[in-house]
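A.B. asks: After the sequence you'll find the predicted model.
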Amino acid sequence: MDTSTLKTIAYQLMQGNKGLLAMDESTTTCNKRFQELGIPQTEEYRRKYRDLIVNAPGLEEYISGAILFDETIHQSTADGTLFIDILKRKGIIPGIKVDEGAIPMVGFPGEKITEGLDGLGDRLKKYYQMGARFAKWRAVITIGADIPSSTCIKANAYTLARYAMFCQEAGLVPIVEPEVVMDGDHSLQRCAEVTTEVIHAVFNALYQHRVDLEGMILKPNMILSGEDSAEKPGLDEVAEATVKCFLKTVPASVPGIAFLSGGQSAALASERLNRMHTRFGDVMPWVLTYSFSRAIQQPALELWNGNDENIIAAQRALVHRAACNSAAKIGVYTA
Ligand code: 13P
């Protein structure tokens, strides 16, 4: 493992006014988003949509790295240039989602465990040869009356740590994503408690698996109330709960924290990130940025709607959201 190269990649991913673009929706997730808008759910339409994204003019001003899905890393533009080569030409570091999805955890009703460790070492070698320099693995933690169980938290933390070690061995920076999902009617306080326990378990497992914390990125949820909760916390409450949770749980040697958006509206995700920076910008030891999928892409996807004549408008909307989050990262976002 070449630790200095990993550190350099992690540093480049977190640099300046930039963050990450998650465009690694699995075929099932991408099709679901297409279906909601009546866009044909075919490989060609998925290709066209990703073509629009990687070719959006100016994206590279705000995006340091883009996370791809296996189908996408093999796809090309209409003229035959691989998407991964377009990203590299723009100075955007290509990354790859390598988990194989979260499935129900047998014996633990309502809970999930993420699969994909079998054969992971070989897959990572291939992705590295294709040009990927970082990877992503998402674990899903659900809040309910009696969940999450400590067994589910530990199993996912260990799996994330095994994945991270595989990545570092293969020369890829692991993005470690333990997502406490927004589903449910829980309070912000409960989300804070569960997320704190999860992040503690994850860093404990990373330490035990000898993962180099300087060569990884954490991708967590913000601390929010459940989407069915009557509680609607304000920007200050979210910013304070979120930053406090990570100050307590994330070692200062971790180069960066890059949030998932998790179903928040595009504007709210930017406002909340911005408030964390205006309130706490001077006390955070790590870079705090974005690794959004929906909160960067959704307005663009809706504008595109599968029509070629909407491509330019959709690209503008995409780069606009990337620019908004870039402004939020330095605390100067205005809605
Ligand atoms: P969202 O920003 O839409 O939550 O997606 C981020 C991601 O990569 C989920 O794994």
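C.D. replies: In hand now; what should we look at?
A.B. asks: When you work out contacts or count neighbours from here on, use the C-alpha atoms and nothing else.
C.D. replies: OK.
A.B. asks: which stretches of this structure form strands?
C.D. replies: For the chain, strands defined by DSSP state E occupy the ranges 19-22, 63-68, 93-97, 102-104, 112-114, 134-141, 173-180, 217-218, 256-259, 287-292.
A.B. asks: Looking at those, which is nearest to the ligand?
C.D. replies: Nearest to the ligand among the strands of the chain is strand 287-292 (3.5 Å), distances taken as CA to the nearest ligand atom.
A.B. asks: still on that earlier bit, columns distance to Arg123 and mean neighbour count on top of the strands of the chain, output as a markdown table?
C.D. replies: A markdown table is the format used below for the strands of the chain (distance: least, CA to CA, whole Å; neighbours: other CA atoms under 10 Å):
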| stretch | distance to Arg123 | mean neighbour count |
| --- | --- | --- |
| strand 19-22 | 20 | 28 |
| strand 63-68 | 14 | 26 |
| strand 93-97 | 11 | 26 |
| strand 102-104 | 18 | 14 |
| strand 112-114 | 16 | 21 |
| strand 134-141 | 11 | 25 |
| strand 173-180 | 14 | 26 |
| strand 217-218 | 20 | 26 |
| strand 256-259 | 24 | 24 |
| strand 287-292 | 23 | 25 |
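A.B. asks: and the closest residue to Pro255 other than its chain neighbours, how far is that from Thr81?
C.D. replies: The spatially closest residue to Pro255, leaving aside those adjacent along the chain, is Trp286, at 5.4 Å (CA to CA, 6 or more residues apart in numbering). Shown here: Trp286 relative to Thr81, a distance of 36 Å by CA to CA, to the nearest Å.
A.B. asks: now do Ile92
C.D. replies: Distance check for Ile92 against Thr81: by CA to CA, it reads 15 Å.
A.B. asks: More neighbours: which of the two?
C.D. replies: Between Ile92 and Thr81, Ile92 has the larger neighbour count (other CA atoms under 10 Å), namely 24 against 11.
A.B. asks: How about the contacts made by that one?
C.D. replies: Ile92 sits next to 60, 63-66 when contact means CA atoms under 8 Å, 6 or more residues apart in numbering.
A.B. asks: is it true that Ala155 touches Ile113?
C.D. replies: Yes. With contacts counted by CA atoms under 8 Å, Ala155 reaches Ile113, the gap being 7.3 Å.
A.B. asks: And Asp79, its phi and psi?
C.D. replies: Main-chain dihedrals, Asp79, degrees, to the nearest 10: phi -90, psi 10.
A.B. asks: The residue nearest to Pro255: what's it in contact with?
C.D. replies: With contact taken as CA under 8 Å, 6+ apart, Trp286 is in contact with 252-257.
A.B. asks: how about 10 Å then?
C.D. replies: Going by CA atoms under 10 Å, 6 or more residues apart in numbering, Trp286 touches 14, 217, 246-247, 250-257.
A.B. asks: just Glu177 next, same as before
C.D. replies: Glu177 neighbours (CA under 10 Å, 6+ apart): 136-140, 157, 160, 199, 202, 217-221, 257-260.
A.B. asks: can you narrow these to ones near the ligand?
C.D. replies: Counting by CA under 6 Å from any ligand atom, 138, 260 from the contacts of Glu177 sit close to the ligand.
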